[in-house]
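# next come a sequence and a model predicted from it.
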Amino acid sequence: MAYRVRRLDPCQPFIFERSRRRVRRQQGLRVEAGDHFNGIVTKAPMDPTRIIAGRVSLDDVMAELSRHRPVFHSEADLQHSFARVLWELAPEVHSRLEVPQRGSGRTEYLDLQCLGPEGRTAIEFKYFTRGWTGKAGIPVEDYALKAHGATDLARLYFVRDIARLERFCHRPDENGLAIMLSNETSLWTPPGHGRRRTRDHDFRIHHGRELAGTLLWAEGTYEPNTCTLRGTYPLTWETYSEQGGAGGEFRYLAVSVGASAGGADAATSA
């Protein structure tokens, strides 16, 4: 089934783009960035595990974000830019940064809380980079990304984000998203056969991996890093942007934590 919408003057690209997004949101459709639009929108329901605050698909946000911001200076830069694009696509969704989550005698802070009329979404971000220097974005900016180096800790902290979201998402109308954006290929590449087992073996987050259950750091010899997940999470890395030179390929991993993950029900992942 298709939905017919009013054709717009092709000389008015801004109005055209905003109208297309509005139709997509109202009908629960997805139209990929850059797709040719001929007045017919084909029905393609959004993945419910990837919808933010009941309004807009994560895929739409990431596609729009990558058009103008293919690279970021920092994790804070990513968070702010993500919230801005979310507002452009769904003005009725309100974003809050660094929201305190109180429980079990301690206070933790959520990177981004998205509040919509039909639901809410808790989001945790990780931006892990290897060294890369170049120009990118609209407007064009100079970037000089540092090499973070400790990929084992990047994996540990991302898995901890998933566990945190399982604690935070306790309302029936709430879901969570753990997002990692990186240009470090070793994060999404499976380890080679016969490779020596590393201390972060259980925390590997390469493409095609599945996370579930109790994960042990260094085969359980360092208990403070043990992490237990209630849900089962198959991992899929997706292309974000392609820049020139070594380290110019950026991909993102998004894990979806279902509503009421803090209770008996766990989650699904994207």
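Structure received.
# so which elements touch the helix or strand hosting Lys126?
According to DSSP states H and E, Lys126 maps onto strand 119-128. Applying 3 or more C-beta pairs under 8 Å, 6 or more residues apart in numbering; DSSP states H and E, one finds that strand 119-128 makes contact with strand 51-52, helix 75-89, strand 106-116, helix 151-168, strand 174-182. Bear in mind the C-beta positions are built from the backbone N, C-alpha and C, glycine included.
# CA atoms only for that strand, dumped as CSV, please.
Written as CSV, here are the backbone C-alpha positions of strand 119-128 (Å, rounded to 0.1, in the frame of the first residue of the first chain):
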residue,chain,number,x,y,z
GLY,A,119,6.7,7.6,25.4
ARG,A,120,10.3,8.3,26.5
THR,A,121,13.7,7.0,25.5
ALA,A,122,16.9,6.9,27.6
ILE,A,123,20.1,7.1,25.5
GLU,A,124,23.7,6.4,26.4
PHE,A,125,26.5,7.5,24.0
LYS,A,126,30.1,6.4,23.4
TYR,A,127,32.4,8.0,20.9
PHE,A,128,35.6,6.1,20.6
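# list the buried residues in the following helix or strand past that strand.
Next helix or strand after strand 119-128 toward the C-terminus (DSSP H and E): strand 132-136. For strand 132-136, the neighbour count (16 or more other C-beta atoms under 10 Å) marks Trp132, Ala136 as buried.
# just to revisit the earlier point, list the contacts of the strand holding Lys126.
With C-beta atoms under 8 Å, 6 or more residues apart in numbering as the contact definition, strand 119-128 has outside contacts at 51-55, 72, 74-75, 78-79, 82, 110-114, 148, 151, 154, 157-158, 161, 164-165, 168-169, 171, 173-182, 184, 187, 257.
# can you go through those residues and name the buried ones?
Buried by 16+ other C-beta under 10 Å: 51-55, 72, 78-79, 82, 110-114, 151, 154, 158, 161, 164-165, 168-169, 174-182, 184, 187, 257, out of these.
# ok so, going back, out of the helices and strands packed on strand 119-128, which gets nearest to Glu210?
helix 151-168 (12.3 Å; C-beta to C-beta).
# can I get that closest one in PDB, CA atoms only?
What follows is helix 151-168, C-alpha atoms only, in PDB (Å, rounded to 0.1, in the frame of the first residue of the first chain):
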ATOM      1  CA  THR A 151      39.800  -0.800  23.000                       C
ATOM      2  CA  ASP A 152      39.300  -3.300  25.900                       C
ATOM      3  CA  LEU A 153      38.000  -0.500  28.100                       C
ATOM      4  CA  ALA A 154      35.800   0.900  25.300                       C
ATOM      5  CA  ARG A 155      34.100  -2.500  25.200                       C
ATOM      6  CA  LEU A 156      33.700  -2.700  28.900                       C
ATOM      7  CA  TYR A 157      32.200   0.800  29.200                       C
ATOM      8  CA  PHE A 158      29.700   0.100  26.300                       C
ATOM      9  CA  VAL A 159      28.500  -3.100  27.900                       C
ATOM     10  CA  ARG A 160      28.100  -1.200  31.200                       C
ATOM     11  CA  ASP A 161      25.900   1.300  29.400                       C
ATOM     12  CA  ILE A 162      23.600  -1.500  28.300                       C
ATOM     13  CA  ALA A 163      23.400  -2.700  31.900                       C
ATOM     14  CA  ARG A 164      22.700   0.800  33.100                       C
ATOM     15  CA  LEU A 165      19.900   1.200  30.700                       C
ATOM     16  CA  GLU A 166      18.400  -2.100  31.900                       C
ATOM     17  CA  ARG A 167      18.300  -0.400  35.400                       C
ATOM     18  CA  PHE A 168      17.000   2.900  34.100                       C
END
